[in-house]
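> Fold the following and give me the result.
(one chain, ligands or ions: 1)
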Amino acid sequence: MNTESVPGERTGEISGRTDPARVAVGNQENRRGRVGRSTQGDEMTWNVHRPPRADGKRVLVTGGNAGIGYFVAEQLAGAGVEVVLGCRDTARAEAAAGSIRARVPDARVAHVRLDLADPASLESSVDSLGPGRLDAVVQNAGVLVDGPRRETAAGHEMMFGTNHLGHFALTRLLAPLLSATPGSRVVVVGSITADSVRLDLDDLDDGRDFRAKRAYARSKLAQMTFGFELDRRLRTAGSTVSAVVAHPGGALDGLTPARPPVHAPGLGARARSLPARVLLQGKDSAAWPAVRAALDPEVTGGQLWGPRVFGLRGLPVVHRVRAHLVDPMIGERLWAASADLVGGEPVFAPGRQGLDERQEVRDVG
Ligand SMILES: NC(=O)c1ccc[n+]([C@@H]2O[C@H](COP(=O)([O-])OP(=O)(O)OC[C@H]3O[C@@H](n4cnc5c(N)ncnc54)[C@H](OP(=O)(O)O)[C@@H]3O)[C@@H](O)[C@H]2O)c1
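I've put the predicted structure just below:
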C-alpha cells in the first residue's frame, strides 16, 4: 500500500482528541480480562479471551484478511462462529483463512471477493454468500488515502466512497439475509477521530477543499452516523435486526502479535512501538469491541462500544454517544444523500414484533 495505508500508526488515526469522560463509568476490569457491567445493574461478565460459544452463527467481516478485521475473524472463529472474510484480494483472503485454521481447531472460515470501492461488484459478492443465515456483518474494512484526493470507480472521494458508501450499499444488499435471521446485527466500525470533525452535508465527497486526514475522519463519522440512523430506522420498522457502533481505540501494527504470513512485524517496528503501549494497543485487542458488539447477547442496538482506557485501549465497554452522532436531522440527510448516490436504501422486513404491533393497530382501528 502506498497512498492507501493502514489507519493507525501510519495515518495519524490516533491523534484524535481523547476525552476520558467518554469512557463509561462503573465498568471494572480484572486481571482475567473480564468486565463487570455494574452500570447495567446485572452480574453479566464478558471474557474477551473466551467469549460465549456461538456455534451455528455466521458472520461476514469486511477486510477480514488484515489488521483488526483479521483478529475479529480469528476471535469469532474461536467462539465457533462460521466466519466469512470479505476481501478484495483472494490470495490475502486465503492466507488469512489459513492462519485462522492453523490457530483455531475446527474453524469454519470462508471468503468472498468484496471491493467496497467498486459498488457495482457488491451484488456478486452478496450472491456468493449464498442463502442461509447471516447473524452479523462487521463493517470493518477501511482505507486512508494519505495524499492527494482520489476517487472510487463510481467517482466518489475514495475514503467516503469506500468506508461509508461501500458499506451503505453492502447493507442494502444484505438486508434480506439479515432480516431473515432473527436477532442479527450490523456492526459498524467507527473511530474516535469522528469526534473532531463535522460532516459537510453539501460536500460529502470533499470536492471543495480536500484535506486527507479530515476526509478520513469525516468518512468514519459518516459510517457512525449511518449506524445510529440505521438503528433508529430498524426500531421504527419493528425489525429484529439491530445496528451497533464499535470503535477500536488506537492500534499499532508494532504492538500486534505476529500472524505470519498475514502479519509479521520486524524487530525494529516492535521496538519503535513499545513506548506507545502506555496509551495504545495491538490490533488483537482493538478487535474486542467489534467482537463483543457482534456476539454479546446483552448488547443492544444504538449502543457505542469502545476500549475502556481513555477510549484508546483496554477492555470493551459502552461509551457515551456524543450528540452530533445521533442528530436525527443529520442522520436523515446523510441517509437520503447516500441512497441517492448508491441508487437505493437498505430496506429491512419487519420482524415478528413489528408484525404483531401493526396487527394490533389494525385491530383497534
Ligand atoms: N488502527 C487504528 O488505530 C484504528 C483506529 C480507529 C478506527 N480504525 C478502523 O478500524 C478498521 C480497521 O483498521 P486497521 O487498522 O485494521 O486497517 P488495515 O490494517 O489497513 O486493514 C484494512 C482492511 O480493509 C481492507 N480494505 C481496504 N479497502 C478495501 C476495499 N475497497 N474493499 C474491501 N476491503 C478493503 C484492507 O484490505 P487489503 O488488505 O486488500 O488492503 C484490509 O483488510 C478501519 O475501518 C479503520 O478505519 C482503526
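
> pLDDT on stretch 349-357, on average?
When pLDDT is averaged over stretch 349-357, the result is 54.

> hey, where'd the strands end up in this protein?
Applying DSSP state E to the chain gives strands spanning 4-5, 27-29, 34-37, 45-47, 58-62, 82-87, 108-113, 136-139, 144-145, 185-189, 242-246, 304-309, 313-319.

> Now do the same contact list for residue 224.
188, 190-191, 194, 245, 247, 304, 325 (CB atoms under 8 Å, 6 or more residues apart in numbering). C-beta: built from backbone N, CA, C; applies to glycine.

> By residue count, which helix of this structure is the longest?
helix 212-237 (DSSP state H).

> quick one: it to chain centroid distance?
11 Å (CA atoms, centre = their mean, to the nearest Å).

> Flag every buried residue along that helix.
For helix 212-237, the neighbour count (16 or more other CB atoms under 10 Å) marks 212-234, 237 as buried.

> Now do the residue nearest to residue 186 when sequence neighbours are not counted against residue 145, distance only.
Among residues not flanking residue 186 along the chain, residue 243 sits closest, at 4.4 Å (CB to CB, 6 or more residues apart in numbering). Distance, residue 243 to residue 145, by CB to CB, to the nearest Å: 26 Å.

> Check residue 327 too.
27 Å.

> do the same with residue 254
In terms of CB to CB, residue 254 sits 22 Å off from residue 145.

> what does residue 264 give?
25 Å.

> The two - which one has more neighbours?
Neighbour count, other CB atoms under 10 Å: between residue 264 and residue 145, residue 145 has more, with 22 against 10.

> Looks like that one contacts residue 159 (just checking).
Yes: with contact defined as CB atoms under 8 Å, residue 145 reaches residue 159; the gap is 5.8 Å.

> residue contacts, the residue of the stretch 101-250 of the chain found nearest the ligand?
Going by CB to the nearest ligand atom, the ligand is nearest to residue 142 of the stretch 101-250 of the chain, at 2.5 Å. Contact partners of residue 142, counting by CB under 8 Å, 6+ apart, are 7, 63, 162-163, 189, 219-220.

> Tabulate the residues you listed (a markdown table), appending pLDDT.
Formatted as a markdown table, the contacts of residue 142 follow (pLDDT from 0 to 100):
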| residue | pLDDT |
| --- | --- |
| 7 | 43 |
| 63 | 98 |
| 162 | 98 |
| 163 | 98 |
| 189 | 98 |
| 219 | 98 |
| 220 | 98 |
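
> Relative to residue 79, which of those is nearest.
Set against residue 79, the nearest of the contacts of residue 142 by CB to CB is residue 189 (18.2 Å).

> what bridges to the closest one?
Counting by DSSP bridges, residue 189 is bridged to residue 246.

> just checking, it touches residue 223?
Yes: assessed by CB under 8 Å, residue 189 is found in contact with residue 223 at 7.4 Å.

> which neighbours do those two share?
residue 139.

> Helices along this protein, start to end?
67-78, 90-103, 122-129, 158-159, 167-179, 212-237, 267-273, 283-286, 288-295, 328-342, 352-364.

> May I see the ones you listed organised as JSON lines, with distance to residue 314 added?
Compiled in JSON lines, the helices of the chain are given as follows (distance: least, CB to CB, whole Å):
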{"stretch": "helix 67-78", "distance to residue 314": "15"}
{"stretch": "helix 90-103", "distance to residue 314": "23"}
{"stretch": "helix 122-129", "distance to residue 314": "34"}
{"stretch": "helix 158-159", "distance to residue 314": "27"}
{"stretch": "helix 167-179", "distance to residue 314": "26"}
{"stretch": "helix 212-237", "distance to residue 314": "20"}
{"stretch": "helix 267-273", "distance to residue 314": "17"}
{"stretch": "helix 283-286", "distance to residue 314": "8"}
{"stretch": "helix 288-295", "distance to residue 314": "9"}
{"stretch": "helix 328-342", "distance to residue 314": "29"}
{"stretch": "helix 352-364", "distance to residue 314": "35"}
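
> Could you identify which of these has the lowest mean pLDDT?
The bottom spot among the helices of the chain, by mean pLDDT, belongs to helix 352-364, with a mean of 35.

> Can you tell me the closest non-neighbouring residue to whatever residue of the stretch 251-365 of the chain ends up closest to the ligand?
In the stretch 251-365 of the chain, no residue comes nearer to the ligand than residue 251, which is 4.0 Å away by CB to the nearest ligand atom. Closest residue in space to residue 251, ignoring its immediate chain neighbours: residue 286 at 3.6 Å, by CB to CB, 6+ apart.
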